[in-house]
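K.L.:
Need coordinates for the below:
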Amino acid sequence: MEMENSTLIKEFILLGLPHAKDMTIPLFILFLFMYVSTLLWNLMILIIITGDSRLHTPMYFFLFNLALLDIGLSSVTVPKMIANFMAVRKVISFSDCFTQLYFYHFFGSAECFICTVMAYDRYIAICHPLRYNKIMNKRFCLQMSAGTWLTGTIHSMIHTGLTLRLPLCKSNFIEYFFCDIPPILKLACSSTFVNEAMITIDIGIAVSGCFLLILISYGFIILAILRISSAEGRRRTFSTCASHLTVVIFLFGPISIIYMRPQSVHSVDGAVAVFNTMVSPMLNPIIYTLRNKEVKLALQKLRGRPMISINA
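P.N.:
Below you'll find the predicted structure:
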């Protein structure tokens, strides 16, 4: 369907979802289960941290933010995708499409920044434990949290605005299961050089910068751990970082695959985006609870079970 410009486009047709009837119901059930699990696990984290005063510390304050962002990132794309599984016409309106694009990049970029702040928190806790409470004070934590949400807003506004300015006249078919920048750029009938340059510059610098700061933080952490004399001490110290490292890999891996490659290579982006929007937000709270004694104790308290010593 040819169109003169984007003002004539009232809706987009999403082509990224499987159309085979024998796949529709199983995928609908699977994705619905994963989305509900994401909501329940992350809501559990929010309730546990809010309800247990022992978890009112900087690390869990940032984990609280991460849980909120995971709920937002998953909720931006997954409900519409699940609904479209059962729809005859898999469509999304023009306004909903760009709203989805805005919030997807907002929550996604904010997660990058919150993970960087969490790495800095671990660095201070391990490398400067005596100064931890002075550095990671309430005011500083609030500033870091506000900065995370603000930078996510600025990042998303830039890319949404740049994408909205493009005349879209090739078609209204999006070869993806939700609205994102790369598939929308394919519909433009004018130069997308500025958009692609901003993806490379903004996303590249932001992602690379955050990842570099995380690497630097963990470089100092590893040096501090190696100076610990006992093997048990090294193991216990590193265990406080293992969950965060896993979350970092799950977050930065998909982002690098989708946005930090030539725009002509997108054969695996659909599967990677599913991991980024569904699997990672579902696994993050599980990762933080499986080996975390403080969270387990708080969960036991929430369930009304007898409490055991955290040092046991």
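
K.L.:
which stretches of the chain form strands?
P.N.:
Counting by DSSP state E, the chain has strands at residues 11-14, 91-93, 173-174.

K.L.:
thought residue 285 was touching residue 45?
P.N.:
Yes. Here residue 285 reaches residue 45: they are 4.6 Å apart, a contact under C-beta atoms under 8 Å. Every residue, glycine included, has its C-beta placed from N, CA and C.

K.L.:
which residues are common contacts for the two?
P.N.:
Residues touching both residue 285 and residue 45 (C-beta atoms under 8 Å, 6 or more residues apart in numbering): residue 67.

K.L.:
Flag the shaky bits of this structure, pLDDT-wise.
P.N.:
1-8, 19-20, 257-269, 290-291, 304-312 (pLDDT under 70).

K.L.:
Distance of residue 218 relative to residue 286?
P.N.:
Separation of residue 218 from residue 286 (C-beta to C-beta, to the nearest Å) stands at 22 Å.

K.L.:
Looking at these two now, which is surrounded by more residues?
P.N.:
Taking neighbours as other C-beta atoms under 10 Å, residue 218 and residue 286 compare with residue 218 leading, 19 against 13.

K.L.:
what's near enough to touch that one?
P.N.:
By C-beta under 8 Å, 6+ apart, residue 218 lies in contact with 119, 122-123, 241, 245.

K.L.:
farthest pair in those?
P.N.:
The largest separation in the contacts of residue 218, counting by C-beta to C-beta, is between 123 and 245 at 12.6 Å.

K.L.:
neighbour-wise, which of these two wins?
P.N.:
Per other C-beta under 10 Å, whichever of residue 123 and residue 245 has more neighbours is residue 123, with 20 against 17.

K.L.:
That one touches residue 221, doesn't it?
P.N.:
Yes. Counting by C-beta under 8 Å, residue 221 is a contact partner of residue 123 at 5.8 Å.

K.L.:
rewinding a little: turn the contacts of residue 218 into JSON lines, including distance to residue 92.
P.N.:
JSON lines is the format used below for the contacts of residue 218 (distance: C-beta to C-beta, whole Å):
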{"residue": "119", "distance to residue 92": "36"}
{"residue": "122", "distance to residue 92": "39"}
{"residue": "123", "distance to residue 92": "42"}
{"residue": "241", "distance to residue 92": "40"}
{"residue": "245", "distance to residue 92": "36"}
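
K.L.:
which one of those sits closest to residue 26?
P.N.:
Using C-beta to C-beta, the contacts of residue 218 come closest to residue 26 at residue 245, 33.1 Å.

K.L.:
Nice, that's everything, thank you.
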